[in-house]
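*Asks:* Let me see the structure of the following:
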Amino acid sequence: MSGTKQFANLRGLARNIRNTLGTEDTADTKNYYLLFAYNGTGKTRLSVEFKNLGKRKIPGSEEKSRDTLYYNAYTEDLFYWNNDLEGDTDRRLRFNTSSRFFDGLRELEMDTRIRGFLQLHADFDFTIYYDEGYISFSRKVQTRTGEETVTGIKISRGEENLFIWCFFLAIVQLVKDEALTYEWVKYIYIDDPISSLDDNNVVALACQLSELLKDCRIKTVISTHHTLFFNVMYNELRKEKTACRFLSVDKETKKHIIKNTGDTPFFHHVALLKELKKVADSRTIYTYHFNVLRNILEKTAAFHGFKDFSACIRQKDDDLDDVIFARMTNLLSHGNHSIFNPVEMVEDNKEIFISILNRFLENYKFNDDLFTKG
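*Replies:* Residues are numbered from 1 along each chain as shown. You can find the predicted model right below:
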């Protein structure tokens, strides 16, 4: 697709997305459809329209067939808290056992599968009570006499979202492994999975998701309003036959407008620079942030016609710091493992990171308001 397309309603756009993906992998179809849209443009409603297009009435039955496994706000609503207001000791996250989302999960070792994803993000544990339809959480805490496990705890909103997200990822893994329970899935639709998450978890979540989706036979749509999440997903999936689009709404005609973002999304560097400036100011800098910084330096160097990214942090000829900073960036920006298991930098490396970033921002002037607003 090139240029811009307009759709009178979301159903038409959903149909266009299905046509772009197709059901088979051919030269003309895409494996992934990555969509950026601000809140209020209809992302969640679009996911519902996409799902509904895949429903077909089953002859001789009141039920309908389906072809889309989806994650959106409605997925999160399948879980709700019983906070034990009387005893205040046994808080449970209940789930809607009547939903087909939970079909056949007991036999598929879901506890183990979920933990495999959750342990990268959180320090709490859980137990699923399938018959009763609830999850109980626990956490190990240090006491005067040693380590103790506290059960029946209430986890935070962000931790709850992470757990539900990892629950969904475990199901995606079953789809990828072609479990019979999910053989009906032809499409995966993921809408805004990163609410209530800090930016470190956003990066880890995006990389975890992209690794899971690679080599998956299922066509996938991912929509989000989060610039950092969008750009990490773009960088991870851009070589995997990915359609990359920007969605907006014409205020006068009410038509939905889809625009190809091109080879590099227009908000890519600004979003990442805002993230790097924020972590530098807070000094909560993780090792994978060097990977992000080098990515920006390389693209800026290419844009300005330099052969090497070190030109973007150079201040003057024969400056020893120029050589040291370039070598340290080379050394510290290797190793994807740091993204999946974030490790905070040591203080000396933080100083180097901050110096390199400040040099870049001095050499290539950006609007200061970008780093003080939002």
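
*Asks:* what about K176, distance to F360?
*Replies:* 39 Å (CB to CB, to the nearest Å). The way it works is simple: take the backbone N, C-alpha and C, and place the C-beta from them, glycine included.

*Asks:* all helices for the protein, in order.
*Replies:* Secondary structure of the chain, counting by DSSP state H: helices at 10-21, 43-53, 73-76, 110-118, 157-176, 199-213, 227-237, 268-282, 289-303, 320-332, 337-340, 347-363.

*Asks:* how about those in JSON lines, adding mean neighbour count and mean pLDDT?
*Replies:* Formatted as JSON lines, those follow (neighbours: other CB atoms under 10 Å; pLDDT from 0 to 100):
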{"stretch": "helix 10-21", "mean neighbour count": "19", "mean pLDDT": "95"}
{"stretch": "helix 43-53", "mean neighbour count": "19", "mean pLDDT": "93"}
{"stretch": "helix 73-76", "mean neighbour count": "16", "mean pLDDT": "84"}
{"stretch": "helix 110-118", "mean neighbour count": "18", "mean pLDDT": "89"}
{"stretch": "helix 157-176", "mean neighbour count": "21", "mean pLDDT": "89"}
{"stretch": "helix 199-213", "mean neighbour count": "20", "mean pLDDT": "82"}
{"stretch": "helix 227-237", "mean neighbour count": "22", "mean pLDDT": "82"}
{"stretch": "helix 268-282", "mean neighbour count": "18", "mean pLDDT": "78"}
{"stretch": "helix 289-303", "mean neighbour count": "19", "mean pLDDT": "77"}
{"stretch": "helix 320-332", "mean neighbour count": "15", "mean pLDDT": "63"}
{"stretch": "helix 337-340", "mean neighbour count": "16", "mean pLDDT": "40"}
{"stretch": "helix 347-363", "mean neighbour count": "16", "mean pLDDT": "86"}
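
*Asks:* Quick one: closest of the ones you listed to D369.
*Replies:* For the helices of the chain, the distance to D369 is smallest for helix 268-282, at 10.8 Å, taking CB to CB.

*Asks:* and that closest one with helix 199-213, angle?
*Replies:* 140 degrees (axes from the mean of the first three to the mean of the last three CA atoms, to 10 degrees).

*Asks:* what's next to helix 268-282, contact-wise?
*Replies:* Residues from elsewhere that reach helix 268-282, judged by CB atoms under 8 Å, 6 or more residues apart in numbering: 199, 227-228, 230-231, 234, 285-286, 289, 292-293, 295-296, 299-300, 353-354, 357-358, 361, 366, 370-371, 374.

*Asks:* If we use 7 Å, what do you get?
*Replies:* Applying CB atoms under 7 Å, 6 or more residues apart in numbering, the contact partners of helix 268-282 are 199, 227-228, 231, 285, 289, 292-293, 296, 299, 353-354, 357, 366, 370-371.

*Asks:* Likewise for stretch 131-139?
*Replies:* Stretch 131-139 has contacts (CB under 7 Å, 6+ apart) with 82, 92-95, 97, 123-129, 149-153, 155.

*Asks:* Same question for stretch 223-230.
*Replies:* Residues contacting stretch 223-230 (CB under 7 Å, 6+ apart): 34-39, 43, 46-47, 191-192, 194, 199, 202-203, 206, 265, 267, 271, 275.

*Asks:* Enumerate the sheet neighbours of the biggest strand by length in the chain, specifying parallel or antiparallel for every one.
*Replies:* Counting residues, the longest strand in the chain under DSSP state E turns out to be strand 134-143. In the sheet, strand 134-143 lines up against strand 92-95 (antiparallel), strand 124-129 (antiparallel), strand 146-151 (antiparallel) (DSSP bridges).

*Asks:* my read: L35 touches L247, true?
*Replies:* Yes. Counting by CB atoms under 7 Å, L247 is a contact partner of L35 at 5.7 Å.

*Asks:* So for the two, which sits in the more crowded spot?
*Replies:* L35 (24 against 21; other CB atoms under 10 Å).

*Asks:* Please tell me how far the more buried one sits from R217.
*Replies:* The gap separating L35 from R217 is 21 Å, by CB to CB.

*Asks:* quick one on the thing from earlier: which PyMOL command selects the buried ones in the contacts of stretch 131-139?
*Replies:* In PyMOL, this line selects whichever of the contacts of stretch 131-139 come out buried by 16 or more other CB atoms under 10 Å:
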select buried, resi 92+93+95+124+125+126+128+153+155
